[in-house]
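[1] generate a structure from the sequence data that follows.
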Amino acid sequence: MSRWTELKKRGSEHYKKNPNVIEPIDLYRGGGILRDFAVGSIIKYAYRNRKEIGQPINPKDMDKISHYAEMLLALQEEEAGVERTREVLDCFKAKKKLFF
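    Here you go, the predicted structure:
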């Protein structure tokens, strides 16, 4: 199972009630805007927990920040894997020696 699938399992329960529903996060990922969305969400949850508000830190918000950060890392790994696969394929096409 992919890291992305594992991360989605930990997401909001209201999307899991109907398996035929496309989750917004999948639309963001497919549309190439997941990175910007995740960074914006991290900022939102961090900002509403700043000291000036005078409220205790909200553990649920901290979990969401962590979840979005893990999504960013998974996306980066996925993109790096795709790039490495392209490099390998290009080397085979050009019959170059691969250095790992």
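[2] gap between the residue nearest in space to the middle of the chain and Asp26?
    Nearest to the geometric centre of the chain sits Met71, at 2.1 Å (Cα atoms, centre = their mean). Distance, Met71 to Asp26, by Cβ to Cβ, to the nearest Å: 11 Å. C-beta coordinates here come from the backbone N, C-alpha and C atoms, glycine included.
[3] swap in Ser41?
    Distance, Ser41 to Asp26, using Cβ to Cβ: 15 Å.
[4] who has more neighbours, these two?
    Higher neighbour count among Ser41 and Asp26: Ser41, with 17 against 14, using other Cβ atoms under 10 Å.
[5] what helix or strand does Asp61 sit in?
    Assessed by DSSP states H and E, Asp61 sits inside helix 59-94.
[6] pLDDT of that helix, averaged?
    Taken as a whole, helix 59-94 carries a mean pLDDT of 82.
[7] ok, stretch 30-45 next?
    Mean predicted lDDT for stretch 30-45 stands at 96.
[8] alpha carbons of it, in CSV - could you do that?
    The C-alpha trace of stretch 30-45 is given here as CSV (Å, rounded to 0.1, in the frame of the first residue of the first chain):
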residue,chain,number,x,y,z
GLY,A,30,-4.5,15.5,-9.4
GLY,A,31,-4.7,19.1,-10.3
GLY,A,32,-1.2,19.8,-9.2
ILE,A,33,-2.1,22.2,-6.4
LEU,A,34,-1.7,19.9,-3.4
ARG,A,35,1.6,21.4,-2.3
ASP,A,36,0.1,25.0,-2.2
PHE,A,37,-3.1,23.7,-0.4
ALA,A,38,-1.1,21.8,2.2
VAL,A,39,1.3,24.7,3.0
GLY,A,40,-1.7,27.0,3.3
SER,A,41,-3.5,24.6,5.6
ILE,A,42,-0.4,24.3,7.8
ILE,A,43,-0.2,28.1,8.0
LYS,A,44,-4.0,28.3,8.8
TYR,A,45,-3.8,25.8,11.7
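[9] all set, thanks.
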